[in-house]
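Undergrad: have a look; sequence and predicted model below, questions after that.
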Amino acid sequence: QQPMVSSLVSTDTSMSDTRETKNKANKRRRRPRGCRGHVFVYVKGAPEKVLTLCHKSTVPSDFHDRLNAFTHKGLRVLAVAGARVPSSAAAKRKNQRSDVCVPSSSAAAMEKPISWTKAKAIPREELEKDLIFLGFTLFENHMIPGTKQVIDTLSRAHIRTMMITGDNIRTACSVAKQCNIIPRNCPVAQAHITLHGDKFNDGFIDGDAEVGDAEVDDSSVTPTPPEEASLLGSCNGDVVFMNPPARVEASLSLVPWSEEGSATPHHATAADSGNNEHDSREEVMAMAEPHGVAFTTFRPLHGAKKEKVWRPMLREFNNTWKRNRHSDNNTRRHNGQKQQKSKMVEAFMTAPRLGIAVNGPDLALIREHMYEDYLRLIVSASVLARTTPDQKTQVVEDLAAMGYCVGMCGDGANDCGALKAAHVGVSLSEADASVAAPFTSSVQSIACVLDLLKEGRCALVTSFSCFKFMAMYSFIEFASVCILYFYGLNLGDWQFLYVDLFVILSIAATMGKTGPSEVLGRHRPPGSLMTAFVIVSIVGQIVIQVVFQLGALFYTTYQPWFEYNHHRNEIKSYENTIVFLVANFQYLWAAIAFSVSKSYRRPIYTNSIFVLNIVVLLALSAIILFIQRGFLGKVFELEVIPTHNTSYIVGVCGFVFANCIVSYCFQQFVVGSNWFNSIVRVMRRKKKYKNSYKYIAMDVIENLWIQKHIAIHSEPEA
């Protein structure tokens, strides 16, 4: 497929629709002189591609300057060209002449027009040749309200955002800065690849060649003669590329853009691109790290260097500070150097990052010839422009293979492959993309991504909470039965039925109704049940519940009126009564403890039906505790506790509420604390990262990958 749309237009009245010829307006319409009966071809498409189809004499000298100015403003630009389809005799004369000129209107009037049937039979390659450049068509897509806020929220949550599009790279970078995918104070560098081989002839491929959204593949990019290289401009992704040589060597360079959005491969000005904190672009580039790796969290590994040591500037500051500290024993000077070091570290951590952009043709060549740099590039880049649909799918698959959990938003048929390849695909349209994406938004806004993340985390945490509660319920009931078996007793049938059907079922049906948190947290919830947080939470709660059951039972056995199974009944006894009453409260405390999650769910009181259920069950358990006579006492076969012994009832209530406080505090201030998280990390003694993208990001930072490939030199002095 070609990256443009062509159409034939006939001015012959015999080719018009019969109904149109009968229309009075069409009868009054006049045709230009010299055009009656002629056939015209019109082409629209990417400016860089249309340029190769136009005759040089019709292209204005400021073509690229205007194109750069339009795209830097974030406008989407299409070029339009056209020409009259010549007759067969004129076409033969045209092919015989080496110097082709644009026919005048008088010559067109004298020339015999070509028929519609013959015009349609001409190959497309012949029609799209030596066209007349007509101008640019500009489209301004206003940013959807709230887009910038969504990107900022994702950044605060340490979720990396990347733009992958088929648009012009300058348009994409302009939009990326407007919505803060690339911060406004970040300089931008464009990645280029240069191929060197044994049989290269000088020439260029335009890296900005149209690969439009779902309209072209890589084969549409054609070589441009050397004499046309100047038309391509200084920042259009030019890549040295000729016929495939026997031996190919590739080199990668990152070309910084000036403030106007242009890039110069050989020289860079000393002006700062929008950042007032640094005096020169060289200083910015020396300090900058790729903006894409800023969202990578490096947890400390056992036996490995800390992050502040392997980061280049921090490592230099650290070594200098250590040398000065050992060479001077003056405490006051040591404290001053320590403060200076902390200021340097803070300045480095807040220094501007470098936004990296790359074109689709460049990206394809880098992946083919420099695969390791390709991995570093997609880990570091913020904008991928001029990408084909297949490239979008490939990038998503490569990111997922490195360990990223990839989410993809798209609204067109060209995004279907990437939406299907991503872990989470969100279609912003109910058309073609909705078929491939598992999620479809009824509103064309990426705000749905925040809702999806919040709902997904809430659903995961709720599932784990329900699992922990069901496991806790089983262990509490198991502990009750084991304690009673020790005394030769057991729970009654109606007691089992009340707990299983009335208490547990109602809690399980309502505790999952809590909605997601309104704030998207920075930390992700555990992704597996077999984690220290889940296991310690369950085991700790089991120990707490068993201790309080045994404590209440032993407290009962020391009462003067207590007798061991004096009825010689397997159910009705003081032991059964106290264990059953305390266990009823423990089910409620476990449900409350597992339902509180500040980071991923709303407060528990927002789940009104769950709170109402807890209040009803709590009131019913309290009634059974204070009154063992009557209907409930007979149904549950409870032994009546002497009512005159008020101190005993107060003591049991103390056990119950102490159980509640200990269970809640253990879940919130032990399992959910930062110090517990630190202890778990130390005990795990983690020696390597599970995801390979962290090692790639670390390599980019530690080995100064940006500084090695940055194409920046000071201007020579006059």
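TA: Sure thing, it's come through. Numbering: from 1, shown residues only.

Undergrad: grab the nearest non-local neighbour of residue 444.
TA: residue 428 (4.8 Å; CB to CB, 6 or more residues apart in numbering). From N, CA and C alone the C-beta is placed, and that goes for glycine too.

Undergrad: show me the contacts for the one you found.
TA: Residues near residue 428 by CB atoms under 8 Å, 6 or more residues apart in numbering: 409, 410, 411, 441, 444, 445, 446, 448.

Undergrad: equivalent analysis for residue 460, please.
TA: With contact set as CB under 8 Å, 6+ apart, residue 460 has these partners: 525, 527, 600.

Undergrad: top of the residues you listed by neighbour count?
TA: Highest neighbour count within those, by other CB atoms under 10 Å: residue 600, with 23 neighbours.

Undergrad: sorry, back to before: which of the contacts of residue 428 sit farthest apart?
TA: Using CB to CB, these span at most 13.4 Å, a distance reached by 410 and 445.

Undergrad: these two: which has the busier surroundings?
TA: Using other CB under 10 Å as the criterion, residue 410 and residue 445 rank with residue 410 on top: 26 against 15.

Undergrad: is that one in a bridge, and if so with what?
TA: Here residue 410 sits in beta bridges with residue 427, going by DSSP bridges.

Undergrad: in this protein, which spans are strands?
TA: Assigned by DSSP state E, the strands in the chain fall at 4-10, 39-45, 76-84, 132-139, 163-164, 188-197, 204-205, 239-240, 248-256, 355-359, 383-385, 407-410, 424-427, 439-440.

Undergrad: I'd like those strands as JSON lines, with distance to residue 612 appended.
TA: Output for these, formatted as JSON lines (distance: least, CB to CB, whole Å):
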{"stretch": "strand 4-10", "distance to residue 612": "62"}
{"stretch": "strand 39-45", "distance to residue 612": "63"}
{"stretch": "strand 76-84", "distance to residue 612": "55"}
{"stretch": "strand 132-139", "distance to residue 612": "55"}
{"stretch": "strand 163-164", "distance to residue 612": "47"}
{"stretch": "strand 188-197", "distance to residue 612": "56"}
{"stretch": "strand 204-205", "distance to residue 612": "69"}
{"stretch": "strand 239-240", "distance to residue 612": "67"}
{"stretch": "strand 248-256", "distance to residue 612": "61"}
{"stretch": "strand 355-359", "distance to residue 612": "52"}
{"stretch": "strand 383-385", "distance to residue 612": "51"}
{"stretch": "strand 407-410", "distance to residue 612": "37"}
{"stretch": "strand 424-427", "distance to residue 612": "35"}
{"stretch": "strand 439-440", "distance to residue 612": "32"}
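
Undergrad: so which of the ones you listed comes closest to residue 62?
TA: Of all the strands of the chain, strand 132-139 comes closest under CB to CB, at 11.5 Å.

Undergrad: paired strands for that closest one, with orientation please.
TA: Partners of strand 132-139 in the sheet, by DSSP bridges, are strand 76-84 (antiparallel).

Undergrad: centre of the chain to the strand it pairs with, how far?
TA: 36 Å (CA atoms, centre = their mean, to the nearest Å).

Undergrad: what mean pLDDT does it get?
TA: For strand 76-84, mean pLDDT is 89.

Undergrad: before we move on, back to that, list buried residues within the contacts of residue 428.
TA: Buried members of those, counted by 16 or more other CB atoms under 10 Å: 409, 410, 411, 441, 446, 448.

Undergrad: so what's the backbone phi/psi at the third one?
TA: The main-chain torsion angles of residue 411 are listed as degrees, to the nearest 10 and equal phi -130, psi 10.

Undergrad: so it is in contact with residue 427, correct?
TA: Yes - applying CB atoms under 8 Å, one finds residue 411 in contact with residue 427, separated by 6.8 Å.

Undergrad: mind listing the shared neighbours of the two?
TA: Joint contacts of residue 411 and residue 427 (CB under 8 Å, 6+ apart) are residue 433.

Undergrad: name the single longest helix found in the protein.
TA: If you go by DSSP state H, the chain has its longest helix at helix 447-486.

Undergrad: and that helix, what's buried?
TA: Neighbour-count burial for helix 447-486 flags 447-450, 452-454, 457-458, 461-462, 464-466, 468-469, 471-473, 475-477, 479-481, 483-484 (criterion: 16+ other CB under 10 Å).

Undergrad: in the protein, which residue is closest to the centre?
TA: residue 161 (4.6 Å; CA atoms, centre = their mean).

Undergrad: from residue 355, how far off is that residue?
TA: As for residue 161, its distance to residue 355 is 12 Å (criterion: CB to CB, to the nearest Å).

Undergrad: how about the contacts made by residue 628?
TA: 577, 638, 639, 640, 641.

Undergrad: sorry, that was for residue 147
TA: 179, 445, 446, 447.

Undergrad: that one and residue 570: what is the separation?
TA: 68 Å.

Undergrad: ok, residue 426 touching residue 411?
TA: No - if you go by CB under 8 Å, residue 426 and residue 411 don't touch, sitting 9.6 Å apart.

Undergrad: rewinding a little: among the contacts of residue 628, which ones are buried?
TA: 577, 638, 639, 641.

Undergrad: quick one: which of those sit in helices?
TA: residue 577.

Undergrad: most widely separated two among the buried ones among the contacts of residue 628?
TA: Taking CB to CB, no two of the buried ones among the contacts of residue 628 sit farther apart than 638 and 641, at 8.6 Å.

Undergrad: shared neighbours, the two?
TA: 577, 628.

Undergrad: quick one: low-confidence parts of the chain?
TA: By pLDDT under 70, the low-scoring segments of the chain are 1-37, 88-112, 197-249, 257-288, 308-310, 312-352, 565-568, 643-644, 711-718.

Undergrad: quick one: the helices in the stretch 51-200 of the chain?
TA: For the stretch 51-200 of the chain, helices defined by DSSP state H, counting those that start in this stretch occupy the ranges 63-72, 88-96, 105-110, 116-121, 124-127, 147-156, 169-178.

Undergrad: ok, which of those comes nearest residue 634?
TA: Here helix 147-156 is closest among those (CB to CB), at 58.7 Å.

Undergrad: got the buried residues for that closest one?
TA: For helix 147-156, the neighbour count (16+ other CB under 10 Å) marks 147, 150, 151, 153, 154, 155 as buried.

Undergrad: stretch 160-168: how far from the chain's middle?
TA: Its chain's C-alpha centre and that of stretch 160-168 lie 11 Å apart, by CA atoms, centre = their mean.

Undergrad: next: stretch 632-647.
TA: Relative to its parent chain, stretch 632-647 has a centroid offset of 60 Å by CA atoms, centre = their mean.

Undergrad: next, the distance between the ends of it.
TA: Its start and end residues considered, stretch 632-647 measures 23 Å (CA to CA, to the nearest Å).

Undergrad: surely residue 184 touches residue 177?
TA: Yes - counting by CB under 8 Å, residue 184 touches residue 177, with 5.5 Å between them.

Undergrad: more crowded one of these two?
TA: residue 177 (21 against 11).

Undergrad: show me the contacts for the more buried one.
TA: 183, 184, 186, 355.

Undergrad: and the gap between the third one and residue 172?
TA: In this structure, residue 186 and residue 172 are separated by 14 Å, where distance is defined by CB to CB.

Undergrad: out of the two, which sits in the busier spot?
TA: Higher neighbour count among residue 186 and residue 172: residue 172, with 27 against 24, using other CB under 10 Å.

Undergrad: isn't that one up against residue 382?
TA: No - using CB under 8 Å, residue 172 is not in contact with residue 382; the gap is 9.6 Å.

Undergrad: overlap in contacts of these two?
TA: With CB under 8 Å, 6+ apart, residue 172 and residue 382 have common neighbours 163, 357.
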